[in-house]
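**Q** Next one to model:
(2 chains)
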Amino acid sequence: MTHLPYLIAAYGITVLSLGILSFHSWTRLKRVQKKLIQIQNNQQP
Amino acid sequence: MTNTSSSPPSQSSFNIHRFANPRTFLRFASKIQSWVTISAIIFLVIGVIWGLCFSPADWQQGDSVRIMYIHVPMAILASGGYFALAACALCSLIWKHPLADLAAGEIGPIGAVITALCLITGSLWGKPMWGTWWVWDARLTSVLVLFFLYLGHITLLHAFDNQQKGYKAAAILALVGVFDLPIIKFSVNWWHTLHQPSTFSIIHAPAMSLSMIWPLIFCFMGFALGFIALVCMQLRAAILERQVRHFLLNE
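**A** Predicted coordinates for the structure are as follows:
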């Protein structure tokens, strides 16, 4: 298994990058949904 | 000639233009989001475990061939994502639809990450096989150009004070860049490259064992659905951010 470090690096970088991207997308959506609800609640008399 | 029919157009028939309405898109995207995400995770878990643990090693390349299960889907999605970006750019330039601009703006960064991953995993595969991290070979160089096209698109979107000008400039760049896609695809046939020619062809049987093709298909399906899920999530966030800005400006 002399190629194991390359294999680990390839899978590791992919999982890390896509994980960060997914987490960023999810937090962005949750943040804006929360803000929209807050605005709508403030606008209600 | 005017339509004198008194009955309204059928709502049950499938009409793609309905999704150009941001509200309809938001409803549709929030409905499919969880299903697409769960399907992506299932496909990916099966594909990666199958590829890493149960598919055979290559007789020449050994275990490094298992990098294929992430590199090949990334390569297809890098080109596919750019094609989607160009389609959005075309819709934006012809119909000036704001949803097409937003979609192009969200596909760009995700496509850039996917293309970067394609280049990095390719490099990590190339080092043990070719003895080098990088060669200025036609396939590798054309994919690097694709990466720069994505970066150029992102930069142009944010380069103008007037956002509409940014969208227009980025859309023109996206359409010009489409010419790189056939170059990427056929570079291995047109030039002598260190990169191997296509394994899959419409007219020939695949030059790969079925025990490797199936995990590759599962990984591709997983990454493709994951790409769709990510774009949907980012696009929903972008539409809602626009609504928030609209509310705040009207206050």
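**Q** Would you mind naming what in the stretch 1-150 of chain B lies close to chain A?
**A** The stretch 1-150 of chain B has residues B:48, B:52, B:62-64, B:66-67, B:70-71, B:74, B:110, B:113, B:116-117, B:120-121, B:124-125, B:127-128 near chain A, with proximity defined as CB under 8 Å from any CB of the partner chain. No exception for glycine: its C-beta is placed from N, CA and C like everyone else's.
**Q** The closest residue to B:Thr37 other than its chain neighbours: neighbour count?
**A** Spatially, and ignoring its direct neighbours in sequence, B:Thr37 is nearest to B:Ala229 (4.5 Å; CB to CB, 6 or more residues apart in numbering or on different chains). Close neighbours of B:Ala229, defined as other CB atoms under 10 Å in any protein chain shown, add up to 23.
**Q** For the residue of the stretch 1-150 of chain B found nearest chain A, list the residues it contacts.
**A** Minimum separation of the stretch 1-150 of chain B from chain A (CB to the nearest CB) falls at B:Ser64, amounting to 3.9 Å. Counting by CB atoms under 8 Å, 6 or more residues apart in numbering or on different chains, B:Ser64 touches A:His3, A:Tyr6, A:Leu7, B:Asp58, B:Trp125, B:Pro128, B:Met129.
**Q** picking up where we left off before, the residue nearest to B:Thr37 is in what secondary structure piece?
**A** Taking DSSP states H and E as the definition, one finds B:Ala229 inside helix B:210-250.
**Q** So which elements touch that helix?
**A** Using 3 or more CB pairs under 8 Å, 6 or more residues apart in numbering or on different chains; DSSP states H and E, the elements in contact with helix B:210-250 are helix A:4-43, helix B:22-49, helix B:68-95, helix B:98-130.
**Q** taking the mean pLDDT, what do you get for that helix?
**A** Per-residue pLDDT over helix B:210-250 has a mean of 92.
**Q** Equivalent analysis for stretch B:156-167, please.
**A** Per-residue scores along stretch B:156-167 average to 90.
**Q** what does stretch B:28-35 give?
**A** 90.
**Q** Can you point out the buried residues in that stretch?
**A** B:Ala29, B:Gln33 (16 or more other CB atoms under 10 Å in any protein chain shown).
**Q** Please save the CA atoms from that stretch in CSV.
**A** Taking Å, rounded to 0.1, in the frame of the first residue of the first chain, the C-alpha atoms of stretch B:28-35 are listed here in CSV:
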residue,chain,number,x,y,z
PHE,B,28,-40.3,23.5,-5.1
ALA,B,29,-36.6,23.6,-3.9
SER,B,30,-37.6,23.4,-0.2
LYS,B,31,-39.8,20.3,-1.0
ILE,B,32,-37.0,18.4,-2.9
GLN,B,33,-34.1,19.6,-0.8
SER,B,34,-34.1,16.9,1.9
TRP,B,35,-34.9,14.1,-0.6
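**Q** count of residues packed around residue 24?
**A** I'll assume chain A. 15.
**Q** Let me rephrase: I mean chain B.
**A** By the measure other CB under 10 Å, the count of residues near B:Thr24 is 13.
**Q** Of all the residues in chain A, which one is nearest chain B?
**A** A:His3 (3.9 Å).
**Q** What confidence value was assigned to the nearest residue to that residue once chain neighbours are set aside?
**A** Among residues not flanking A:His3 along the chain, B:Ser64 sits closest, at 3.9 Å (CB to CB, 6+ apart). pLDDT recorded at B:Ser64 is 87.
**Q** now do the one 5 residues further on
**A** In this model, B:Tyr69 is scored at 95, pLDDT.
**Q** That one against B:Leu216, yeah?
**A** Yes - at 5.9 Å, B:Tyr69 counts as touching B:Leu216 under the criterion of CB atoms under 8 Å.
**Q** Looking at the two, which one has more neighbours?
**A** Neighbours were counted for B:Tyr69 and for B:Leu216 using other CB under 10 Å; B:Tyr69 has more, 27 against 22.
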